[in-house]
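J.: This is the structure alone, sequence omitted:
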């Protein structure tokens, strides 16, 4: 799936990932499409909506920027983005990597995060920003992913 290719391709540079799961007993585990078994992924449990539980705050204490994707855009992602911005951390929200139960909530959340100072971008843009150069060893792998037919993200009205 596209989620799987996004997470596999999202490590072209030394990057660490934090995975947060909310109430897994009630809601189930993180989707198998997101490879959380990789050595550069640290998982945390949470019950609050923002991901900035004390363990995560410790984990990211020297972090200058964060790329956010996940659900729900209008709840967990927004509250996390606002908390990170308040800490002085640059926030990049992957517009085609967040979702909400309604498109209205999703669009309002993206607008709200942008107005607060987050950069709203796409997964393809993030990948190329991480690669920095076409001579990167993973460039060909990423190129195959981004040339695959795109999925409808629902972010733009269809003609």
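T.: Done, it's in. If you're wondering where the values come from, they're calculated on a predicted model, not measured in any experiment. Residues are numbered from 1 along each chain as shown.
J.: Return the list of helices and strands in contact with the helix ranked longest in the chain.
T.: Determined from DSSP state H, the single longest helix within the chain is helix 103-116. Applying 3 or more CB pairs under 8 Å, 6 or more residues apart in numbering; DSSP states H and E, one finds that helix 103-116 contacts helix 78-86, strand 90-99, strand 119-121. (Glycine included, C-beta is placed from N, CA and C.)
J.: Just list what the longest one packs against, helices and strands only.
T.: Here strand 90-99 touches helix 2-9, strand 65-71, helix 78-86, helix 103-116, strand 119-121, helix 123-131, going by 3+ CB pairs under 8 Å, 6+ apart.
J.: how about stretch 111-127: buried residues?
T.: Applying a neighbour-count criterion of 16 or more other CB atoms under 10 Å, one finds 113, 118, 120, 121, 122, 123, 124, 126, 127 buried in stretch 111-127.
J.: quick one: which of those is nearest residue 92?
T.: residue 121 (5.5 Å; CB to CB).
J.: The longest helix of the chain vs helix 78-86, what angle?
T.: Helix 103-116 and helix 78-86 meet at an angle of 0 degrees, taking axes from the mean of the first three to the mean of the last three CA atoms, to 10 degrees as the criterion.
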